[in-house]
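In: fold the following, please.
(one chain, ligands or ions: 1)
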Amino acid sequence: MEKSAGIYVAGHRGMVGSAIVRALEAKEYAKIIKRASKELDLRRQEHVERFFADEMPEYVFLCAAKVGGIIANSAYPADFMYDNMMIQMNVIHEAEKTGVKKLMLLGSSCIYPRMAPQPMPERCLLTGELEKTNEAYALAKISGLKYCCCLNTQYGTDYISVMPANLYGPNDNYHPQHSHVLPALIRRFHEAKDRDAKKVTVWGTGKPLREFLYVDDLASACIFLMQNYGQSDLGNETVNVGTGKEVTIGELAELIKKVVGFEGEIDFDASKPDGTPRKLLDVRKLAKLGWRYKTELEEGIRLAYRDFLQGAGRVER
Ligand code: GDP
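Out: Okay, here's the model as predicted:
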């Protein structure tokens with residue numbers, strides 16, 4: 001990726017897109033192309049067609065997506081499927097038509113089967129049933145990934161995809177119901193401390209295991225892979241990006257409680273869904289390519305909490 005190349009970061013206002021923009025700017029990439037969703041609705045094919053014809057980007061990071069936590073995914077499956085399918089098909093298709101040299105699709109570890117072997121290697125894709133609470137989103141992401149593979153096979157493009165663990169960090173969504181667990185608990189513990197509450201409720205049993213990756217580490221991996229990895233290296237397979245470490249939701253809640261400085265009790269609400277019991281990524285492929293994460297979970301939670309305090313209220317979507 002040349003420093004003067006036109007690089008389109010789709011979804012630059014989201015947590016992942018903004019982290020990739022920060023990382024590209026730090027590395028002095030000069031021509032980063034951005035469009036807010038109000039200026040360019042990626043679900044509209046003719047708008048996307050016009051944008052690519054006008055801007056002719058050479059590289060694309062496809063981070064634009066409709067995302068949300070376990071409740072949002074269960075409540076709005078149609079929106080999650082439609083928005084993500086449309087965004088991906090339009091962007092990837094126009095990229096190929098206008099000769100984009102390389103494209104990276106951002107996905108999620110929920111594309112793998114609910115009962116996949118742990119840790120989950122890239123090759124376990126489509127070997128079993130998906131977790132029901134995020135099936136629509138996962139199907140959309142799998143379609144995007146496979147569409148890249150189809151283009152690579154049919155047209156010889158070099159379009160790759162990455163599947164990160166559960167992400168967190170600056171610009172996260174702190175919505176009380178629709179967000180993911182880590183930002184949701186930062187907010188809940190913070191508000192409980194403010195109110196001098198005696199307890200905080202954590203959804204589910206606290207037993208599911210999750211792997212968390214600080215978003216700036218993901219951005220670093222994305223740029224590394226854009227430069228050092230091509231689809232032919234691994235036979236059209238995606239690449240997992242994570243830490244290879246997991247914690248229970250109960251342990252995560254304890255860590256957040258400590259960072260925020262809340263002194264009351266934790267209560268588990270087992271009437272809320274647990275989701276998939278475990279989703280640890282096998283990150284050996286990425287390690288072999290020469291990349292490793294930097295930010296440990298407790299340090300990352302401190303950084304995320306600082307971001308929350310600086311922008312509290314601003315980031316609710
Ligand atoms: P998932 O990894 O796709 O299941 O997405 P989430 O980040 O939404 O949820 C992860 C786990 O955290 C699930 O077991 C949830 O039940 C649990 N959890 C506990 N408290 C919360 C909360 O306040 N919000 C969310 N989203 N999840 C929570």
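
In: quick check: bridge partners of Y168?
Out: Y214 (DSSP bridges).

In: next up, the contacts around it.
Out: M15, H180, L182, P183, F212, L213, Y214, V215, G300, I301, A304 (C-beta atoms under 8 Å, 6 or more residues apart in numbering). No exception for glycine: its C-beta is placed from N, CA and C like everyone else's.

In: one more time with 6 Å
Out: Residues in contact with Y168 (C-beta atoms under 6 Å, 6 or more residues apart in numbering) are L182, F212, A304.

In: ok, A116 next?
Out: C124.

In: where does it land in three-state SS?
Out: coil (DSSP: H, G, I helix; E, B strand; the rest coil).

In: may I see the buried residues of the helix or strand where I256 lies?
Out: For I256, the host element (DSSP states H and E) is helix 249-260. Going by neighbour count (16 or more other C-beta atoms under 10 Å), the buried part of helix 249-260 is I249, G250, L252, A253, L255, I256, K257, V259, V260.

In: near the ligand too, which of those?
Out: I249 (C-beta under 6 Å from any ligand atom).

In: what does the helix holding I256 contact?
Out: 185-186, 189-190, 193, 202, 206, 208, 266, 298, 301-302, 305.

In: state the pair within these that is farthest apart.
Out: Pairwise distances across those peak at 24.9 Å for K193 and P208 (criterion: C-beta to C-beta).

In: one step back: let me know the closest of the contacts of Y168 to L125.
Out: The closest of the contacts of Y168, once distances to L125 are taken by C-beta to C-beta, is F212, at 21.6 Å.

In: show me what contacts the closest one?
Out: Here F212 is in contact with N166, Y168, L297 (C-beta under 6 Å, 6+ apart).

In: and the stretch 51-200 of the chain, which residues reach the ligand?
Out: Counting by C-beta under 6 Å from any ligand atom, the stretch 51-200 of the chain sits next to the ligand at G69, I70, C110, N134, N166, S179, H180, V181, A184, L185.

In: neighbour-wise, which of K193 and P208 wins?
Out: Set K193 next to P208 and count neighbours by other C-beta atoms under 10 Å: P208 wins out with 20 against 16.

In: distance of the closest residue in space to that one that isn't next to it in sequence relative to C150?
Out: The shortest distance from P208 to any residue other than its chain neighbours is 4.9 Å, reached at D274 (C-beta to C-beta, 6 or more residues apart in numbering). Separation of D274 from C150 (C-beta to C-beta, to the nearest Å): 35 Å.

In: do L252 as well
Out: 38 Å.

In: hang on, V202 packs against F268?
Out: Yes - V202 sits in contact with F268 when judged by C-beta atoms under 6 Å, with a separation of 5.5 Å.

In: when these two are compared, which one has more neighbours?
Out: V202 (24 against 16).

In: just say helix, strand or coil for the more buried one.
Out: V202 - assigned by three-state DSSP - is strand.

In: the helix or strand hosting A78: how far from the chain's middle?
Out: Counting by DSSP H and E, the element that carries A78 is helix 77-97. Remark: helix 77-97 is offset 16 Å from the chain centroid, using C-alpha atoms, centre = their mean, to the nearest Å.

In: who touches the helix or strand following that helix?
Out: The helix or strand immediately downstream of helix 77-97 is strand 102-106, counting by DSSP H and E. Contacts of strand 102-106 with the rest of the structure, by C-beta under 6 Å, 6+ apart, involve 16, 59-63, 95, 144, 148, 158-161, 226.

In: how about the residue lying closest to I87 once chain neighbours are set aside, what does it touch?
Out: The spatially closest residue to I87, leaving aside those adjacent along the chain, is L42, at 4.3 Å (C-beta to C-beta, 6+ apart). Neighbour list for L42: V48, A64, I87, N90, V91 [criterion: C-beta under 6 Å, 6+ apart].

In: can you tell me the SS state at L42?
Out: coil.

In: do A304 as well
Out: With three-state DSSP as the criterion, A304 reads helix.

In: surely it is in contact with P170?
Out: No - counting by C-beta under 6 Å, P170 is not a contact partner of A304; they are 7.2 Å apart.

In: pick out the residue of the stretch 51-200 of the chain closest to the ligand.
Out: G69 (3.0 Å; C-beta to the nearest ligand atom).

In: near the nearest residue to that residue once chain neighbours are set aside, how many other residues are there?
Out: Distances taken as C-beta to C-beta, 6+ apart place H180 nearest to G69, at 4.4 Å, with adjacent residues excluded. Neighbours of H180 under the rule other C-beta under 10 Å: 23.
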